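**Q** quick one: sequence plus predicted model below, questions after.
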Amino acid sequence: MSESPKGALYTPDLLALAVELAGKPYDETAPLKGQARSRSCGSVIRISSFPGMSNVGLQAQACAVGQGAAAIFLRHAEGRSQSEIADTLASLNSWLSENGPLPSWPDLDKIEVAREFPGRHGAILLPWHAALDALSKSDDQR
């Protein structure tokens, strides 16, 4: 793909990520369900999972940045522990607000341009918040 102009938020890579969400829909029958809402933009992410972060599904009412972050989360969430997700969330917060390094979660570089847009930071964090909400309701938190 060709590079977008510096500072462009809605890059082709970012927009392509949103399409991936259709392949992993939210499952009402899953025993673990969580939700997170961004105070800054009103976006909402709902996550469903079976124990051990398996068969993870997602419903997003979010901007393209939130949907892109959700797709990246879904690509690599299977089998992740609650502590891994919490650690990544802390690293994301540091990266976004304290100019820390890009977290090690794969593919986050695809939404790196959104770091320049503080109004979108809340949307980036939503999938990790929703997953932690779901896992907090589990007896098997790994």
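**A** That came through, no problem.

**Q** only C-alpha atoms for contact and neighbour calcs from this point on.
**A** Will do.

**Q** please, where are all the strands along this protein?
**A** Per DSSP state E, the chain carries strands over the ranges 32-37, 44-50, 54-61.

**Q** looking at the ones you listed, which one is packed in the most?
**A** Mean neighbour counts were taken over the strands of the chain using mean count of other C-alpha atoms under 10 Å, and the top value, a mean of 25, falls to strand 44-50.

**Q** and the contacts of it?
**A** 26-28, 30-38, 55-62, 70, 126-127, 130-131, 134 (C-alpha atoms under 8 Å, 6 or more residues apart in numbering).

**Q** hang on, the earlier thing: for the strands of the chain, which one sits closest to Ala16?
**A** strand 54-61 (15.0 Å; C-alpha to C-alpha).

**Q** neighbouring contacts of that closest one?
**A** Against strand 54-61 from outside (C-alpha under 8 Å, 6+ apart): 21, 24-27, 43-50, 66-67, 70, 74, 77-79.

**Q** what are the buried residues along stretch 60-77?
**A** 60, 62-75, 77 (16 or more other C-alpha atoms under 10 Å).

**Q** farthest pair in those residues?
**A** Cys63 and Ala77 (20.6 Å).

**Q** before we move on, back to that, ok, so of the buried residues of stretch 60-77, who is nearest Phe117?
**A** For the buried residues of stretch 60-77, the residue nearest Phe117 by C-alpha to C-alpha is Val65; the value is 10.1 Å.

**Q** wait, doesn't that closest one sit right on Leu14?
**A** Yes - Val65 is within contact range of Leu14, at 7.0 Å (criterion: C-alpha atoms under 8 Å).

**Q** what's the overlap in contacts for the two?
**A** With C-alpha under 8 Å, 6+ apart, Val65 and Leu14 have common neighbours Ile111.

**Q** wait, Met53 sits on Arg80?
**A** Yes - between Met53 and Arg80 there is a contact under C-alpha under 8 Å: 6.1 Å.
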